[in-house]
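[1] Give me coordinates for this.
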Amino acid sequence: TGSEVDANAVITDAAHHVKRSLYHPDLMPGVVIADPMLTRRLIPYLTAATGMDALSHNLEALCNPAFGPMLDAVALQGIRYAREWLPRAFHEPRNLEARVYTMAASIMGAIAFEKGLGAMHAMAHAVGALFKTHHGRTVGALMPYVLRFNRRRIQGKMSEVARFLDLPRYDYRGVADWILELRRELGIPGTLSELGVREADIPDLVERALGDANADTNPVPLDRAGLERIFHWAVRGQAG
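    Numbering: from 1, shown residues only. Sure thing, here's the model as predicted:
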């Protein structure tokens with residue numbers, strides 16, 4: 001999903017059920033062998049999950065309000081590759097061309113998220129640490145709800161994405177509809193309740209997400225009330 005080409009790491013603290021994000025220049029690898037041939041036996045379930053994580057890296061990096069025009073350009077192309085090639089890699093696992101471009105999308109996402117990520121990852125880390133869910137499936141489940149929360153700050157960028165992808169609508173709604181359809185096609189859960197999360201779990205998850213490093217770079221500043229709102233939407237299936 002791109003983690004092989006950056007200087008970041010995420011470690012699960014099993015004793016406290018928390019995922020901790022780390023960064024250090026010495027974590028940057030000297031050599032990476034990114035060979036799409038090695039991914040052709042990846043089962044559709046994992047292709048979908050890791051692909052949604054790669055998409056989220058590009059999407060959250062683009063939405064990040066920090067100034068980074070070159071990284072924005074990389075993220076935008078990464079989103080395009082995910083749209084064009086991830087479903088094909090899912091349906092045709094041994095399609096090498098599809099594997100090449102989905103791997104490119106993952107690496108581009110890792111480059112782009114040097115700007116930072118946001119609520120999708122802060123919340124997914126909290127859920128994954130507590131419920132031991134697959135990170136990519138969790139991010140995919142959360143994606144439309146976080147976009148809804150951020151809508152007022154990201155409408156311009158979503159219009160840019162919609163035009164670049166030539167979606168039926170050149171606005172936020174066009175991107176949101178595409179993501180909902182992509183999740184259905186790939187079998188990604190539509191709600192957090194499908195992953196075992198209940199509304200009674202939300203206060204604990206909010207505290208964990210607030211302490212995640214990715215919470216600081218969300219387009220709309222996150223507080224307890226905001227995170228509670230997103231978690232409730234995600235459990236109930238209120239994508240907006």
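[2] just the strands in this protein please.
    Ranges of strands within the chain are 8-13, 18-23, based on DSSP state E.
[3] Give me the helices and strands touching the last one, please.
    Translated: strand 18-23. Packing partners of strand 18-23 (3 or more Cβ pairs under 8 Å, 6 or more residues apart in numbering; DSSP states H and E): strand 8-13, helix 119-131. C-beta coordinates here come from the backbone N, C-alpha and C atoms, glycine included.
[4] would you turn those into JSON lines with distance to residue 193?
    Formatted as JSON lines, the helices and strands packed on strand 18-23 follow (distance: least, Cβ to Cβ, whole Å):
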{"stretch": "strand 8-13", "distance to residue 193": "23"}
{"stretch": "helix 119-131", "distance to residue 193": "11"}
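[5] need the longest helix for this protein.
    helix 135-165 (DSSP state H).
[6] ok so, going back, so which of the helices and strands packed on strand 18-23 gets nearest residue 205?
    helix 119-131 (4.8 Å; Cβ to Cβ).
[7] tell me the centre residue of this protein?
    Geometric centre of the chain, nearest residue: residue 56, 2.4 Å, by Cα atoms, centre = their mean.
[8] Now that residue. Nearest residue, chain neighbours left out?
    Nearest non-adjacent residue to residue 56, counting by Cβ to Cβ, 6 or more residues apart in numbering: residue 139, 4.6 Å away.
[9] Could you check how far the one you found is from residue 36?
    Noted for residue 139: a distance of 22 Å to residue 36, by Cβ to Cβ, to the nearest Å.
[10] what do you get for residue 138?
    From residue 138 to residue 36 the distance is 25 Å (Cβ to Cβ).
[11] the more surrounded of these two?
    residue 138 (29 against 17; other Cβ atoms under 10 Å).
[12] OK, contacts around that one?
    Residue 138 makes contacts with 124, 127, 128, 192, 195, as judged by Cβ atoms under 8 Å, 6 or more residues apart in numbering.
[13] quick check, nearest of these to residue 111?
    For these, the residue nearest residue 111 by Cβ to Cβ is residue 124; the value is 20.3 Å.
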